[in-house]
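Asks: predicted coordinates and the sequence they were generated for:
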Amino acid sequence: PLGNLGFLFTMNQMLYILIVMWVFNAVPEKMIMVYAMVFGAHLLPYSWLYKSRGYAIFSIIIPIISLILGNLYNGFILSFTLVLVEI
């Protein structure tokens, strides 16, 4: 049953990638920010599925960091920061 639920969580990502593609068409310079926010937020259901506090924390921190840095700086700074977070 958890395998099927994990699959549903994964299929939910299809909607998110459509949103990122729309942002790329509408505001290309913010695409990295939106993609990073979606990447971080998609961890939230998995935190429940795997009972992982780390997933829950990062699913909240990554979108907030992405929103702040994406609005203040260019995509390079945001990308570099998120690489450091992921290490």
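Replies: Thanks, I have it. Residues are numbered from 1 along each chain as shown.
Asks: so what's the most centrally placed residue in the chain up against?
Replies: In the chain, the C-alpha nearest the mean C-alpha coordinate belongs to residue 39, at 1.8 Å (CA atoms, centre = their mean). Each residue near residue 39 by CB atoms under 8 Å, 6 or more residues apart in numbering is listed here: residue 62. Using the backbone N, CA and C atoms, a C-beta is placed for each residue, glycine as well.
Asks: C-terminal to the helix or strand hosting it, what's the next element?
Replies: Residue 39 belongs to helix 31-41 when assigned by DSSP states H and E. Per DSSP H and E, the first helix or strand lying C-terminal to helix 31-41 is helix 43-49.
Asks: report how many residues lie close to residue 13.
Replies: Residue 13 has 12 neighbouring residues, counting by other CB atoms under 10 Å.
Asks: these two touch, right, it and residue 45?
Replies: No - counting by CB atoms under 8 Å, residue 13 stays clear of residue 45, with 10.1 Å between them.
Asks: just the buried positions in the helix holding residue 39, please.
Replies: 31, 32, 33, 34, 35, 36, 37, 38, 39, 40, 41 (16 or more other CB atoms under 10 Å).
Asks: could you measure from the third one over to residue 24?
Replies: Meaning residue 33. 11 Å (CB to CB, to the nearest Å).
Asks: where's the nearest residue to residue 41 once chain neighbours are set aside relative to residue 5, distance?
Replies: The shortest distance from residue 41 to any residue other than its chain neighbours is 5.1 Å, reached at residue 63 (CB to CB, 6 or more residues apart in numbering). As judged by CB to CB, residue 63 and residue 5 stand 22 Å apart.
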